[in-house]
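*Asks:* next comes the sequence, and after it the predicted model I'd like to discuss.
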Amino acid sequence: QVYLGESGGGLVQAGGSRGLSCVVSGLNISTYAMAWFRQVPGAEREFVARISAAGYILRYADSVEGRFTISRDNTKNALYLQMDEVKPEDTAVYFCAATLYYNRVYSRVDSYDYWGQGTQVTVSS
């Protein structure tokens, strides 16, 4: 059974930093593109960042470009998101996701086949 487990969420002050992790079991992520999405109550899940299987191609939402960094360690079957200079509007539940299919639109929720349960990040002003 495939399991994606996010961790690292919590309370952080505006301007501070937070690191999220996503450890995967049940599949070898080395052939999967991985991504982070986030969601606030009452809103649709939105794309944050994506990384190709080998880690060379990165994509970011405009709202986090230059502040967030996505990375991965295929030897640990893990995905990471380093969040710097966080803002109150970054408050959300953050989800990791995986897909085998590179020809899908990377920013779409329905492009991903596997999802974690999410971890809450709250940024205080």
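*Replies:* Cool, the structure landed.

*Asks:* give me phi/psi at residue 31?
*Replies:* When read as degrees, to the nearest 10, the backbone of residue 31 gives phi -110, psi 10.

*Asks:* in contact with it, which residues?
*Replies:* Contacts for residue 31 were tallied using CB atoms under 8 Å, 6 or more residues apart in numbering; they are 53, 100. All C-beta spots, glycine's among them, are computed from the backbone N, C-alpha and C.

*Asks:* ok, it to residue 43 distance?
*Replies:* Per CB to CB, to the nearest Å, residue 31 is found 32 Å from residue 43.

*Asks:* ok, now residue 73?
*Replies:* Shown here: residue 73 relative to residue 43, a distance of 31 Å by CB to CB.

*Asks:* compare these two and say which is more crowded by neighbours.
*Replies:* Neighbours per residue, other CB atoms under 10 Å: of residue 73 and residue 43, the larger number sits with residue 73, 13 against 9.

*Asks:* how about the backbone phi and psi for the residue lying closest to that one once chain neighbours are set aside?
*Replies:* Closest residue to residue 73 apart from its sequence neighbours, by CB to CB, 6 or more residues apart in numbering: residue 80 at 7.5 Å. With angles defined as degrees, to the nearest 10, residue 80 sits at phi -130, psi 160.
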